[in-house]
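Chemist: what's the 3D shape of this:
(2 chains)
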There are 2 protein chains.
Amino acid sequence: MTHPPLMPNAYTPGAANLPPEDEARIARRARLLGPAYRLFYGEPLHLVRGEGVWLYDREGRAYLDTYNNVASVGHCHPRVVAAMAQQAGVLATHTRYLHDGILDYAERLLALFPNQLSHVMFTCTGSEANDLGYRIARAATGGTGVIVTDNAYHGVTLATAEMSMSVGPAVAPGPAVFAIPAPSHENYPDGIAQGFAANVEAACLQMQAEGIKPAMLIVDTVFSSDGVRPDPIGFLAPAMAAIRAAGGLLLADEVQPGFGRTGSHMWGFQRHGLVPDMVSLGKPMGNGYPMAGLVVRPDVLANFSDKSRYFNTFGGNAVAAAVGMAVLDVIRDEGLMENAASVGAAFADGMRDIATRHDTLGETRAAGLFMGTDILKDGEPDGHRATRLVNDLRRMGILISNTGPLGHILKIRPPLTFSPVHVEQFLSRLETILRAT
Amino acid sequence: MTHPPLMPNAYTPGAANLPPEDEARIARRARLLGPAYRLFYGEPLHLVRGEGVWLYDREGRAYLDTYNNVASVGHCHPRVVAAMAQQAGVLATHTRYLHDGILDYAERLLALFPNQLSHVMFTCTGSEANDLGYRIARAATGGTGVIVTDNAYHGVTLATAEMSMSVGPAVAPGPAVFAIPAPSHENYPDGIAQGFAANVEAACLQMQAEGIKPAMLIVDTVFSSDGVRPDPIGFLAPAMAAIRAAGGLLLADEVQPGFGRTGSHMWGFQRHGLVPDMVSLGKPMGNGYPMAGLVVRPDVLANFSDKSRYFNTFGGNAVAAAVGMAVLDVIRDEGLMENAASVGAAFADGMRDIATRHDTLGETRAAGLFMGTDILKDGEPDGHRATRLVNDLRRMGILISNTGPLGHILKIRPPLTFSPVHVEQFLSRLETILRAT
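Modeler: Model (predicted):
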């Protein structure tokens, strides 16, 4: 039996000395939900309330949320909740009836994309969006081969789990999935752009040698689970050229970086000066309401729609449209993309400043409010130390997690409403911990 | 290019003489959502409001909804909307934190199942639930082979679309999917139970001959898209024995029949006096809020959870739990299962009564408020006549649709709050139409 690799920051049952009521709650959870579910933290967190950048536990203790990028405009944002409640009280049917809400939202959303990406299809989850993208890529190219990075995460359906190397060798890669090293300086010391593209090319040749035709390269455009790899700006363009030269497509997975988080642009792919063939959207799209989607070029969609109709019962329902619109309104009206740029830059500067005093902190990579910081011991990646730090921060009232193949990278993704005061709270508590260790 | 089969009751662009503003709306829709989406009805319906069993169009015209089994406790049910709004204003995080809401809901839900089915995993859509069931079946059996009925629908992910024969030959069956004739008297004149089981056995032998190990038989337990095939009660049991004898599992797809619709039981499989290995849930689970799930036996889940963890960002979030609980409360407090039984029986009797006077109506098959009625011409199935009837009813303010491989079967699935008065409205309008044709 191949055991799944340890999830970074996963709770190990029995490893902590928890209050009896939490032990009972965890036992009840295992009994009801079964053994495949995981909890975060050495001591799991029991949350009861959220507001803005704050989450509160049962005892009323506040936690500064610098991790959950679903509630991207802030937990329980009143405008989003009101839009949901209002539309849910009026109509919640699907896309086989005419409804202006979904069209208004689609138009508003597509206006945020380059002109060529002019269709949007609605799903409920990022997994479904990537799965649909793969179906469309297969129809468009006649191929099945997929290229992913070696700690990628793209979803939980059979097809997308087989593309999700981070879930472990018993799940991925699937038979038509080929993994290449993530775009890091360590993996490509002679230059990420050319090195990464060369590996895409090599993977295409390898799959063709195995009789598999390339369908697509799928990448999270900030390479979140690979440890946050946003730079150098533009490095993805040669990789896109390589997959296209082999007859495949580029699916930009914006489930994590999308909706303004990178600060400079609405979508991570825009930082690379390219126009992908398809773009998947998810997590922050409805600020917690289950909605996601796939934006696609008409010529890419044509072969799929010649063969198949598309319907998703809940995808694009009237409530989803109202919620999605409210999220876009809030991002615009509260200037959240601009805030992500300025606060994110200050946050990253602060991390780099602390790194000058504490060699536990290595490189910090950031695009807006998406940040990854390497945790080191004697100059080497140290996943255990990162996990300890994540749990120390949790005890100090700050939520983050760690990621990457070695689990040594802090993954920091606060709500886009994060302010300089919150940055200061984070940095001072982090330095307090580092001073004490 | 293989074109997708005509969807029953799909709008054909340009075929109707619509008001200019609707033509513009449809053109806008095609421009934004692309060519894979379909609309219902010869003249698409533009809905703006729903309440109970009624839907209202732009002009304020009321339509008696006897089709949408998502809003199963009634459109915009105030208790469900209130539960959603309340929880969305408090907390909407995910299953990697402890939260009592999801545990309370899981316990309440599982109490509605036989003891052996003691774990539930949460997804956002029925597609995701069936896809997860297939992943679990593969892990449990070591096989990949799937048996489905020949007009089945099980979802829109790559894996589940390949099991969805009703979507057409360009999509299904996938390479490991084997279709058998649906359980109808026409297909099995010598007895459905033994005939259907014999075909499951034969499909297992065929896949084994092709080197494919059986993983599962998946069936909608009222065989909705096969034309509604609920009887004879108990016919599924020998088929389950056959798939198990071949080392495979039974996944009961309750996305359409579940949550009390069949009247006599909460779940369609219970009518067959068996306990499946897995049960998928969806559409009515959140009365429109995107939520779904998979109920599974612990021994069936074990191999999957040894290999893989499971997480679905939105699946089982705190709002979903609150909404799901409100739906169960309403079903119980308003006696909706019992209502489905009594009103459903009267509805079916009324259809059979009309059939004695109008030979357009053939057999009516029903389980509670899930009903299928054959539409005939000169005693033969007539899909065109069924489509005409569906559109005539729409013009008379009643919404249903048609289904089945020939599109000749009326599919009738009103909200479970349907009353004898609504039945009377349906029947009298139907008879008015039949008298005029």
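
Chemist: is stretch A:295-309 in proximity to chain B?
Modeler: Yes. Using C-beta under 8 Å from any C-beta of the partner chain, stretch A:295-309 reaches chain B at A:296, A:298, A:301, A:302, A:303, A:304, A:305, A:306, A:307, A:308, A:309. C-beta here means a position set from N, CA and C on the backbone, and glycine is covered the same way.

Chemist: distance of residue A:128 from residue B:104?
Modeler: Separation of residue A:128 from residue B:104 (C-beta to C-beta, to the nearest Å): 27 Å.

Chemist: more neighbours: those two, which one.
Modeler: residue A:128 (34 against 16; other C-beta atoms under 10 Å in any protein chain shown).

Chemist: wait, isn't the more buried one in contact with residue A:315?
Modeler: Yes. Using C-beta atoms under 8 Å, residue A:128 is in contact with residue A:315, at 7.4 Å.

Chemist: need the residues touching each of the two.
Modeler: Counting by C-beta atoms under 8 Å, 6 or more residues apart in numbering or on different chains, the common neighbours of residue A:128 and residue A:315 are A:292, B:125.

Chemist: just to revisit the earlier point, out of the residues of stretch A:295-309 next to chain B, who's the most crowded?
Modeler: residue A:296 (30 neighbours).

Chemist: what's near enough to touch the residue nearest to that one when sequence neighbours are not counted?
Modeler: Ranked by C-beta to C-beta, 6 or more residues apart in numbering or on different chains and with sequence neighbours excluded, the top spatial neighbour of residue A:296 is residue A:278, at 4.7 Å. When contacts are counted by C-beta under 8 Å, 6+ apart, residue A:278 touches A:133, A:136-137, A:216, A:249-252, A:294-297, A:300.

Chemist: restricted to strands, list the residues of stretch A:295-309 next to chain B.
Modeler: The strands in this structure, assigned by DSSP state E, contain residue A:296 from the residues of stretch A:295-309 next to chain B.

Chemist: among the residues of stretch A:295-309 next to chain B, which are in helices?
Modeler: Using DSSP state H, the members of these that fall in helices are A:298, A:301, A:302, A:303, A:304, A:305, A:306, A:307.

Chemist: tell me how many other residues crowd the nearest residue to the second one once chain neighbours are set aside.
Modeler: Right, the one you point to is residue A:301. Excluding the flanking residues, the one nearest residue A:301 by C-beta to C-beta, 6+ apart is residue B:34, at 5.3 Å. Using other C-beta under 10 Å, residue B:34 has 22 other residues around it.

Chemist: re the thing from before, of the contacts of residue A:278, which is the most crowded?
Modeler: residue A:133 (32 neighbours).

Chemist: so which helix or strand takes in it?
Modeler: Assigned by DSSP states H and E, residue A:133 belongs to helix A:126-141.

Chemist: flag the shaky bits of the stretch 51-200 of chain A, pLDDT-wise.
Modeler: Along the stretch 51-200 of chain A, no part satisfies pLDDT under 70.

Chemist: picking that back up, just checking, what packs against the very next helix or strand once past the helix holding residue A:133?
Modeler: As assigned by DSSP H and E, the chain's next helix or strand after helix A:126-141 is strand A:145-149. Packing partners of strand A:145-149 (3 or more C-beta pairs under 8 Å, 6 or more residues apart in numbering or on different chains; DSSP states H and E): strand A:177-180, helix A:192-209, strand A:214-220.

Chemist: list the helices and strands the shortest one packs on?
Modeler: It stands for strand A:177-180. Counting contacts by 3+ C-beta pairs under 8 Å, 6+ apart, strand A:177-180 packs against strand A:145-149, helix A:192-209.

Chemist: next, the buried residues of the longest one.
Modeler: Right, the one you point to is helix A:192-209. Residues A:192, A:193, A:195, A:196, A:197, A:198, A:199, A:200, A:201, A:203, A:204, A:207 are the ones in helix A:192-209 that count as buried (16 or more other C-beta atoms under 10 Å in any protein chain shown).

Chemist: then stretch A:350-364?
Modeler: By neighbour count on 16+ other C-beta under 10 Å, the buried set for stretch A:350-364 is A:350, A:351, A:354, A:355, A:360, A:361, A:362, A:364.

Chemist: what is the mean pLDDT for that stretch?
Modeler: Computed over stretch A:350-364, the mean pLDDT rounds to 98.

Chemist: could you dump that stretch to CSV, C-alpha only?
Modeler: C-alpha atoms of stretch A:350-364 as CSV (Å, rounded to 0.1, in the frame of the first residue of the first chain):
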residue,chain,number,x,y,z
GLY,A,350,8.9,43.3,5.7
MET,A,351,9.6,39.6,5.3
ARG,A,352,12.9,40.4,3.5
ASP,A,353,13.8,42.8,6.2
ILE,A,354,13.3,40.1,8.9
ALA,A,355,15.3,37.7,6.9
THR,A,356,18.3,40.0,7.2
ARG,A,357,18.2,39.4,11.0
HIS,A,358,17.0,35.8,11.1
ASP,A,359,18.5,33.1,8.9
THR,A,360,15.4,30.9,9.4
LEU,A,361,13.9,33.0,6.6
GLY,A,362,15.2,32.5,3.2
GLU,A,363,13.9,33.9,-0.1
THR,A,364,10.5,35.6,-0.2
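
Chemist: chain center to that stretch, what's the gap?
Modeler: Taking C-alpha atoms, centre = their mean, to the nearest Å, one finds the center of stretch A:350-364 at 24 Å from the center of the full chain.

Chemist: contacting residues for residue A:294?
Modeler: Contacts for residue A:294 (C-beta under 8 Å, 6+ apart) come out as A:120, A:121, A:123, A:129, A:132, A:133, A:136, A:278, A:279, A:280, A:281.

Chemist: tell me the angle whichever strand or helix holds it makes with helix A:126-141.
Modeler: Using DSSP H and E, residue A:294 sits within strand A:292-296. Angle, strand A:292-296 to helix A:126-141, by axes from the mean of the first three to the mean of the last three C-alpha atoms, to 10 degrees: 20 degrees.

Chemist: who does strand A:292-296 pair up with?
Modeler: Taking DSSP bridges as the criterion, strand A:292-296 pairs within the sheet with strand A:119-123 (antiparallel), strand A:278-281 (antiparallel).

Chemist: and residue A:48, that one's in a strand?
Modeler: Yes. Counting by DSSP: H, G, I helix; E, B strand; the rest coil, residue A:48 falls inside a strand.

Chemist: verify the stated contact: it with residue A:57.
Modeler: Yes. Using C-beta under 8 Å, residue A:48 is in contact with residue A:57, at 6.6 Å.

Chemist: need the contact list for residue A:310.
Modeler: Going by C-beta under 8 Å, 6+ apart, residue A:310 touches A:121, A:132, A:304, B:36, B:37, B:156.
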